[in-house]
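Asks: any chance you can model this:
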Amino acid sequence: MGLRERKKQRTRDALIDAALDLFLSQGYEATTIDQIAAEVEVSPRTFFRYFASKEDVALSLTADEQEMFLAELVARPWSESPFTALSQSMRAMLSILREIDGAEAGRILKAQRLVHTTPSLLAGAMRLIRENERRLVAEVARRMGTAPDDLQSQLVVSVFVSIGLLCMNGPTEDLNGLARRYEDLLTLAERSLRPGWDLPVRPGQAEAEPASAAS
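Replies: Numbers count the residues shown, from 1 in each chain. The predicted model follows:
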């Protein structure tokens, strides 16, 4: 990034840090945008250049992660089956997560703690997950050459998203522990699913399978 972009990123990070600290110390509902801006010594108008609302800044890391994940998925080789592409995209994200430390790691853990202790933000996070799920379905359908309303594309993404939700239910004491739990769940899913389960069934394929199995 150039100097201008780095300065903007520093301001954005400072606003996120100030917001998370205030939300955790005095409560999400009790914190105002004016207070967040004052902590960073900028105007509320500057705040709105980066975020649309308190919820937007509180869930900004979740939104950022979803954008990164979608970009990873789009870049995966077309030779990979849909679930494999999703899993490998997540493993790329986990490798980044394992390398994060210091202020950035603390920022992520604070954001997760805030979301899990604030019902309105948990609902907002679920809304983001569902919105992102639709985008993932569209990408998987594109890779499979089907329409986004194709049931198989929806099923593949639903299975994958369920793994993420299950991971979120566990404790998050450190990022390495979170990455290990996610990797364990991915490995369990891959061991439990029959290879090729996520590939589209071609005309005549279903009829041919029993005959091949009998042979």
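
Asks: pretty sure residue 196 sits against residue 84.
Replies: No: applying Cβ atoms under 8 Å, one finds residue 196 not in contact with residue 84, separated by 10.2 Å. Where C-beta positions appear, they are placed from N, C-alpha and C, glycine not excepted.

Asks: higher neighbour count, those two?
Replies: Set residue 196 next to residue 84 and count neighbours by other Cβ atoms under 10 Å: residue 84 wins out with 15 against 9.

Asks: and that one, its phi and psi?
Replies: The phi/psi pair for residue 84 (degrees, to the nearest 10) reads phi -60, psi -40.

Asks: ok, now which ones touch the residue nearest the centre of the chain?
Replies: In the chain, the C-alpha nearest the mean C-alpha coordinate belongs to residue 66, at 3.9 Å (Cα atoms, centre = their mean). Going by Cβ atoms under 8 Å, 6 or more residues apart in numbering, residue 66 touches 128, 129, 132.

Asks: distance of it relative to residue 174?
Replies: Residue 66 is 22 Å from residue 174, where distance means Cβ to Cβ, to the nearest Å.

Asks: need the residues touching each of residue 196 and residue 84.
Replies: Common contact partners of residue 196 and residue 84 (Cβ under 8 Å, 6+ apart): none.

Asks: ranking by neighbours, what's the top pick from the contacts of residue 66?
Replies: Of all those, the most densely surrounded is residue 132 (20 neighbours; neighbours counted as other Cβ under 10 Å).

Asks: is that one within a helix or a strand, and which one?
Replies: helix 119-144 (DSSP states H and E).

Asks: which strands or helices does that helix pack on?
Replies: Applying 3 or more Cβ pairs under 8 Å, 6 or more residues apart in numbering; DSSP states H and E, one finds that helix 119-144 contacts helix 54-58, helix 60-75, helix 82-99, helix 102-117, helix 151-168.

Asks: centre of the chain to that helix, how far?
Replies: Centre-to-centre, helix 119-144 and its host chain are 9 Å apart (Cα atoms, centre = their mean, to the nearest Å).

Asks: and the angle for that helix with helix 82-99?
Replies: In terms of direction (axes from the mean of the first three to the mean of the last three Cα atoms, to 10 degrees), helix 119-144 departs from helix 82-99 by 130 degrees.

Asks: relative to helix 60-75, how tilted is helix 119-144?
Replies: 10 degrees.

Asks: can you point out the buried residues in helix 119-144?
Replies: Buried residues in helix 119-144, defined by neighbour count with 16 or more other Cβ atoms under 10 Å: 121, 124-125, 129, 132-133, 135-137, 139-141, 143-144.

Asks: equivalent analysis for stretch 9-25, please.
Replies: Neighbour-count burial for stretch 9-25 flags 11-20, 22-24 (criterion: 16+ other Cβ under 10 Å).

Asks: considering those residues, which is situated nearest to residue 74?
Replies: Using Cβ to Cβ, residue 12 is the member of the buried residues of stretch 9-25 that sits closest to residue 74, with 24.0 Å.

Asks: cool, thanks, signing off.
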